[in-house]
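A.B. asks: Need coordinates for the below:
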Amino acid sequence: MALKKGATAPEFNLKSTGAKSIDSTKELKGKAFVLYIYPKDFTKVCTAEACEFRDQFEAFRNLDIPVFGISKDDIETHNRFKKEHKLPFDLLSDPSGKVCKSYDALIPLIKMPKRITYLIDKDHKIAAAFSDMFESKGHIDAMLKSLQK
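C.D. replies: Prediction:
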């Protein structure tokens, strides 16, 4: 189950493929963004999802909406994944799963991230959420539809 629309988005400070780290209270202050949480780099559905965000990235960029992917993978793995698939957005590393858990995106027993995508508004409230473990394209479509409203 995803966090509810209107809930305050949990803060985070995670290592990034594009910089030393992304601190949601500093780098993203007053800015809307998309945060997609996924299980693992280089797996079939996760790769399809990342590539779909890549292919639709221009639509988010035109709206000045940064996109960030989060998984428990380390930065080295994220960098290889980003390079291999030519991803134009940053991937964030949450090795402990603490941030995934705060976004209600961690499967309790196996501690694996769920596939959940959030649109966070400029006040850092949840504006939209889409959760489907086996669907990749629906995440992007749901965010784009939410942004058009």
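
A.B. asks: Please report how far the residue lying closest to A7 once chain neighbours are set aside lies from A2.
C.D. replies: Leaving aside its sequence neighbours, A7 sits nearest to I126 (CB to CB, 6 or more residues apart in numbering; 4.9 Å). Quick note: C-beta positions are derived from backbone N, CA and C, even for glycine. From I126 over to A2 the distance is 8 Å, taken as CB to CB, to the nearest Å.

A.B. asks: quick one: common contacting residues for these two?
C.D. replies: The contact sets of I126 and A2 overlap at Y118 (CB atoms under 8 Å, 6 or more residues apart in numbering).

A.B. asks: Any idea what the residue nearest to A7 is bridged to?
C.D. replies: I120 (DSSP bridges).

A.B. asks: My guess is it contacts G6. True?
C.D. replies: Yes. Counting by CB atoms under 8 Å, I126 touches G6, with 6.4 Å between them.

A.B. asks: Same drill for the two, tell me which one is more crowded.
C.D. replies: Ranked by neighbour count (other CB atoms under 10 Å), I126 and G6 place I126 first, with 20 against 9.

A.B. asks: can you map out the strands along this protein?
C.D. replies: Counting by DSSP state E, the segments of the chain that form strands are 13-16, 21-23, 33-37, 67-71, 90-93, 106-107, 112-113, 116-120, 126-131.
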